[in-house]
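Visitor: below is the sequence, then the predicted model.
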Amino acid sequence: MVTYTLKVIEVRTETEDTITLCFKQPALRKIKYLAGQYLTLIFRINGRRYIRPYSFSSAPLVDTGLEVTIKRVPNGIVSNHIHDTITIGDSIEVMQAMGDFVCETPRAQVFLWGVGSGITPLISISKQILATSHKTQVYLIYGNRNHESTIFLDQIENLQKVYPEKFVVKHFHTKMKINQNNLGLIEGRIDQTKALNILQELGHLEDASHYICGPTGLKESVKFALKTLDVMPNQIFIEDFVLIKDPKDFEHVKTQNVKLKFEDQDYNLEVIKGKSILESALDAGIELPYSCQTGNCSTCKATIITGGSKMIGLSKERDDLLEAEYLLCCTHPLTENVYLEVN
Ligand SMILES: Cc1cc2nc3c(=O)[nH]c(=O)nc-3n(C[C@H](O)[C@H](O)[C@H](O)COP(=O)(O)OP(=O)(O)OC[C@H]3O[C@@H](n4cnc5c(N)ncnc54)[C@H](O)[C@@H]3O)c2cc1C
Ligand code: FES
């Protein structure tokens, strides 16, 4: 696991529960990244190592520093640790940039669909495209409770001033009534009907791509609207901040004892039904490598030598994995003789 140490040069308050950490780019070992990718932060809290990915809210060709934006999650260990303890001058260990939620060659129209903290990769992509691609029209469709909880409202308004033709924003607010002073707002959630209306109003969809980052409701609504309009799957990109597990997939999963080999040492591990092998190993103090915990990055890849296992919650097809290769953040044992090696 290649790591870097970054210095915090600013901590910016975005909303009541969201801050941005700004890091100085190291002079020598610079972090290379693409708009839409994420940075993985590593902390030691009460003796235990915690690793969490945060999408860049900065854009590589626009911002000089590196920025990530963190929303407090109720009872969340790392997000609250960052909010409560990190200050200017602190050094934080990070991994190299990762992620495939990127837009390297933008189409004529790029639709960015986000809710809440899902804006982070989308603001990065917006800034990058607007600054570098003269032909691309960018649409941001962004849902929040109200103005006060809208992350990056100022940045968005500035971008609209600088790029009035190329950047169109539709704000959805669930806790605000539309009146004479805010006619530009749309009341309610971004649901299937409203997503469809927006696409019909704005889009020439043949040469468009769609980036979605937010809760399941947003993802399903936008996907439904896009499917209705025959938008091809290769035009749709999704970033998940959390792994969604369907209880039905656990039907044949039981609590099992698993053996694993890591750095030439063998461990016996009880994997309780519902927990992944990665979560169980981390709970047992085995510091396996990982980052996204959503089946995307492959940092937790292992080879199953014996026994049956299954991956649950993968939101993307992973046809790059060999038959015996599993992502431990999503892997659950099916039989009692599972033995695996962490590569
Ligand atoms: C690719 C990627 C990019 C991400 N980018 C960002 C980002 O830009 N900004 C940001 O704030 N977060 C982002 N996250 C989420 C972030 O990595 C952490 O998961 C989040 O900060 C919670 O960590 P925690 O340690 O505070 O909570 P934990 O202690 O890990 O979790 C506490 C509880 O909250 C639930 N939970 C975890 N994350 C969320 C969430 N996001 N929303 C609702 N419930 C949750 C967990 O299931 C658990 O039940 C990203 C995640 C991924 C995979
Ligand atoms: S930690 Fe990223 S795929 Fe498992």
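Guide: Yep, that arrived. Ligands and ions are numbered 1, 2, ... in the order given.
Visitor: so for the residue nearest the centre of the chain, what's the pLDDT?
Guide: Centroid-nearest residue in the chain: Phe241, 4.0 Å away (criterion: C-alpha atoms, centre = their mean). Note on Phe241: pLDDT of 96.
Visitor: could you look up the SS state of it?
Guide: Following DSSP: H, G, I helix; E, B strand; the rest coil, the label given to Phe241 is coil.
Visitor: one more: Leu196?
Guide: Three-state call for Leu196 (three-state DSSP): helix.
Visitor: show me what contacts it?
Guide: Contacts for Leu196 were tallied using C-beta atoms under 8 Å, 6 or more residues apart in numbering; they are 225, 228-229. To be clear about C-beta, it is placed using only N, CA and C from the backbone, and glycine gets the same treatment.
Visitor: same thing with Leu66?
Guide: Listed by C-beta under 8 Å, 6+ apart, the contact set of Leu66 reads 6, 22-25, 31, 33, 39, 56, 58.
Visitor: who touches the residue nearest to the centre of the chain in this structure?
Guide: Contact criterion C-beta under 8 Å, 6+ apart gives 117-118, 213, 294 as the residues in contact with Phe241.
Visitor: between these, which is nearest ligand 2?
Guide: Set against ligand 2, the nearest of these by C-beta to the nearest ligand atom is Thr294 (6.4 Å).
Visitor: and the residue of the stretch 201-343 of the chain nearest ligand 1?
Guide: The minimum distance from the stretch 201-343 of the chain to ligand 1, using C-beta to the nearest ligand atom, falls at Phe241 (3.8 Å).
Visitor: ditto for the chain
Guide: Gly76 (2.2 Å).
Visitor: which pLDDT value belongs to Gln185?
Guide: You called it Gln, but residue 185 is Leu. pLDDT, read off for Leu185, is 89.
Visitor: would you mind listing what in the protein touches ligand 2?
Guide: Applying C-beta under 6 Å from any ligand atom, we find that the chain lies next to ligand 2 at 290-293, 295-300, 327, 329.
Visitor: filter the contacts of Leu66 by proximity to ligand 1?
Guide: Contacts with ligand 1 are made by none of these, judged by C-beta under 6 Å from any ligand atom.
Visitor: those in strands, which ones?
Guide: Among the contacts of Leu66, the residues falling in strands (DSSP state E) are 6, 22-23, 39.
Visitor: who in this protein is up against ligand 1?
Guide: Contact residues (C-beta under 6 Å from any ligand atom) of the chain with ligand 1: 38, 52-55, 69-71, 73, 75-80, 99, 117, 120, 239, 241-242, 292, 294.
Visitor: can you rerun that using 5 Å?
Guide: Contact residues, the chain versus ligand 1 (C-beta under 5 Å from any ligand atom): 38, 52-55, 70-71, 73, 76-79, 117, 120, 241-242, 292, 294.
Visitor: and those, which are buried?
Guide: 38, 52-55, 70-71, 78-79, 117, 120, 241, 292, 294 (16 or more other C-beta atoms under 10 Å).
Visitor: just the residues you listed: which are in strands?
Guide: With strands taken from DSSP E, the overlap with these comprises 38, 52-55, 70-71.
Visitor: reformat the contacts of Phe241 as TSV; add pLDDT and distance to Thr105.
Guide: Output for the contacts of Phe241, formatted as TSV (pLDDT from 0 to 100; distance: C-beta to C-beta, whole Å):
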residue	pLDDT	distance to Thr105
Ser117	98	27
Gly118	98	23
Cys213	98	20
Thr294	95	25
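Visitor: which member of these is positioned nearest Leu199?
Guide: Cys213 (17.4 Å; C-beta to C-beta).
Visitor: correct me if wrong: that closest one contacts Ser124.
Guide: No. Using C-beta atoms under 8 Å, Cys213 is not in contact with Ser124, being 10.6 Å away.
Visitor: neighbour count winner among the two?
Guide: Shown here are Cys213 and Ser124; by other C-beta atoms under 10 Å, Ser124 has more neighbours (30 against 26).
Visitor: just to be sure, that one is in a helix?
Guide: Yes. Assessed with three-state DSSP, Ser124 lies in a helix.
Visitor: what about the closest residue in space to it that isn't next to it in sequence, distance to Leu28?
Guide: Leaving out its chain neighbours, the residue that sits closest to Ser124 by C-beta to C-beta, 6 or more residues apart in numbering is Ala35, at 4.3 Å. Noted for Ala35: a distance of 23 Å to Leu28, by C-beta to C-beta, to the nearest Å.
Visitor: so between these two, which is more surrounded?
Guide: More neighbours surround Ala35 than the other of Ala35 and Leu28, with 28 against 5 (other C-beta under 10 Å).
Visitor: per-residue confidence at the more buried one?
Guide: 98.
Visitor: what residue ranges in the stretch 101-250 of the chain score low on pLDDT?
Guide: Low-confidence segments of the stretch 101-250 of the chain, defined by pLDDT under 70: 180, 183, 203-204.
Visitor: go with 90
Guide: 134, 176-185, 201-206, 244-245 (pLDDT under 90).
Visitor: for it, just list every one of the helices.
Guide: Under the criterion DSSP state H, counting those that start in this stretch, the stretch 101-250 of the chain contains helices at 119-132, 153-162, 192-202, 216-228.
Visitor: follow-up on the earlier one: phi, psi for the residue of the stretch 201-343 of the chain closest to ligand 1 please.
Guide: Main-chain dihedrals, Phe241, degrees, to the nearest 10: phi -90, psi -30.
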